[in-house]
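In: based on what follows, work out the 3D shape:
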Amino acid sequence: MTVDRFALGEQIRTEVLGPEYVAASSANTDAFSEPLREFAIRNLWGDIWARPGLDRRARSIVNLAILSSDNRPGELKTHIRAALNNGMSREEIGEVFLQVALYRGIPTGSDATRIARQTFAEIDAQAGKA
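Out: You can find the predicted model right below:
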């Protein structure tokens with residue numbers, strides 16, 4: 001049986017990032033960016049995230065470490081939310097950034113912690129509106 005990696009990727013992406021994020025991402029896609037979006041959904045989400053070797057929580061830990069180390073604040077913010085969706089606690093996210101600070105430097109860990117605090121505040125504000 002052949003798996004439709006795009007459909008599987010879209011399903012996993014929605015479960016991890018949330019339907020609001022996926023809808024906004026799709027709405028912001030145009031003809032120029034569509035090929036990259038399709039490539040990412042099919043290969044990143046429909047292949048790598050679908051593999052059984054790591055659970056989603058473990059993949060979130062890896063992503064938080066990589067994205068904070070590579071100074072990718074936009075993606076880090078997205079994956080902080082994903083990590084919460086994947087069962088990580090705020091305290092565990094903070095522990096990842098302490099580990100990053102040790103191996104990649106205090107400024108890197110501090111930036112990641114600042115982005116997490118901002119993201120948590122946004123989440124809390126949204127929850128207050130609900």
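
In: which is the next helix or strand following the helix or strand hosting Ile93?
Out: Assigned by DSSP states H and E, Ile93 belongs to helix 90-104. Counting by DSSP H and E, the next helix or strand C-terminal to helix 90-104 is helix 106-129.

In: wait, what's in contact with the most centrally placed residue in the chain?
Out: What sits nearest the mean C-alpha location of the chain, by CA atoms, centre = their mean, is His79, with 2.2 Å. Applying CB atoms under 8 Å, 6 or more residues apart in numbering to His79 gives the contacts 60, 63-64, 67. C-beta coordinates here come from the backbone N, C-alpha and C atoms, glycine included.

In: so Asp111 is in contact with Leu67, correct?
Out: No. With contact defined as CB atoms under 8 Å, Asp111 does not reach Leu67; the gap is 10.9 Å.

In: out of the two, which sits in the more crowded spot?
Out: Leu67 (21 against 18; other CB atoms under 10 Å).

In: my read is that that one contacts Gly74, right?
Out: No. Counting by CB under 8 Å, Leu67 sits too far from Gly74 to count as a contact (9.1 Å).

In: nearest residue to the residue nearest to the centre of the chain in space, please, no chain neighbours.
Out: For His79, ignoring the flanking residues on the chain, the nearest one in space by CB to CB, 6 or more residues apart in numbering is Asn63 at 4.6 Å.
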